[in-house]
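Visitor: fold the following, please.
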Amino acid sequence: MQQNTYTKIFIFILLISLFHQHTFAQNTEIDEAFDPFSDYNETEQSAEEEADINFFKNGRFLTLGLLLGYRGYTDGMSQGYTGSPVWGFQFSYFFDLQLATSLSYSISDSPVNFKSYNDPNFTSVSEHYTGTVNIQIFNLNVKYYFNTANVTRGLAELNPYVLFGVGLYTRTYSLSKALALEPDKPIGFTLASGIEIPLMRNQSYFGIQAAYHFVQFPDENNHFIEEIKSTASVLIPVQPRLNGDIYELTTILGINF
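Guide: A predicted model of the protein is given here:
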């Protein structure tokens with residue numbers, strides 16, 4: 001009788017142990033199914049850390065650059081305006097090694113030389129105007145830098161880029177004759193490319209940039225400029241027709257932060 005009791009107790013303990021192991025296995029499977037770290041990829045994590053380390057070592061957060069170069073003109077503007085020095089500055093913020101946004105400002109004073117006429121057929125000269133035209137450009141740009149990690153060692157340190165920008169173009173005349181002209185302020189677009197060479201262990205840089213500005217001033221599609229009189233504005237026929245765009249060749253000396 002006592003032996004049967006021990007046998008029953010042993011069987012009861014064995015059943016409880018088997019049930020506990022089965023329940024623990026089910027709970028483990030459920031926990032793994034809903035584990036937020038079950039999709040952890042060590043390779044992907046290492047790649048992200050490597051990219052961050054590379055940016056902190058070789059990248060730039062902010063740059064401040066001084067621009068100095070030459071501003072020229074095309075079409076009729078090249079006949080009425082003379083190319084001149086241009087200067088300005090730019091401020092850039094880098095999202096990563098290849099993408100940045102920048103604000104830039106540039107200004108120039110170009111000599112001008114054109115004639116006004118008494119009639120729209122340009123047969124009778126009224127005045128011969130000389131003086132300067134002041135052009136200021138305030139741009140918001142996006143810059144994309146090409147990856148040079150796989151090129152030859154001599155070129156790997158160069159930072160070539162392309163730039164697209166949109167900006168406000170302000171043109172103001174200062175002429176020898178008493179011709180009152182309101183400043184023109186159209187919106188224009190910029191396409192540019194250039195390279196930046198790191199200096200002083202990447203603490204500063206030297207850059208060369210070529211830019212073309214697509215801008216349409218109000219008098220571009222006709223042979224008239226608008227003079228402001230005391231009572232009203234008057235259209236004055238002029239030659240050459242002041243149409244065209246603006247181009248620039250500039251050098252940039254900047255500091256990296």
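
Visitor: which residues in the chain form helices?
Guide: 2-33, 42-58, 75-80, 153-156 (DSSP state H).

Visitor: give me the mean pLDDT for the lengthiest strand in the chain.
Guide: Secondary structure assigned by DSSP state E gives strand 125-145 as the longest strand of the chain. Here strand 125-145 scores 90 as its mean pLDDT.

Visitor: doesn't Ile255 make contact with Thr63?
Guide: Yes. Under the criterion of Cβ atoms under 8 Å, Thr63 makes contact with Ile255 at 6.8 Å. All C-beta atoms are positioned from the backbone trio N, CA, C, and that covers glycine.

Visitor: okay, these two: which has more neighbours?
Guide: Thr63 (21 against 15; other Cβ atoms under 10 Å).

Visitor: beta partners for that one?
Guide: Ser92, Asn256 (DSSP bridges).

Visitor: quick one, what contacts it?
Guide: Gln90, Phe91, Ser92, Phe94, Tyr205, Gly254, Ile255, Asn256, Phe257 (Cβ atoms under 8 Å, 6 or more residues apart in numbering).

Visitor: so the fifth one bridges to which residues?
Guide: With DSSP bridges applied, the residues forming beta bridges to Tyr205 are Pro198, Gly254.

Visitor: so who does it touch?
Guide: So Tyr205 contacts Thr63, Gly65, Asn159, Glu196, Ile197, Pro198, Leu199, Ile252, Leu253, Gly254, Asn256 (Cβ under 8 Å, 6+ apart).

Visitor: low-confidence ranges in the stretch 1-150 of the chain?
Guide: Low-confidence segments of the stretch 1-150 of the chain, defined by pLDDT under 70: 1-59, 119-120, 122, 148-150.

Visitor: strands of the stretch 151-257 of the chain, start to end?
Guide: 159-175, 187-199, 204-214, 224-228, 233-239, 246-256 (DSSP state E, counting those that start in this stretch).

Visitor: now do the third one against strand 187-199, angle only.
Guide: Between strand 204-214 and strand 187-199, the angle formed by their directions is 160 degrees, by axes from the mean of the first three to the mean of the last three Cα atoms, to 10 degrees.

Visitor: about what we covered before: what packs against the longest strand of the chain?
Guide: Packed against strand 125-145, as judged by 3 or more Cβ pairs under 8 Å, 6 or more residues apart in numbering; DSSP states H and E, are the following elements: strand 84-94, strand 99-117, strand 159-175, strand 187-199.
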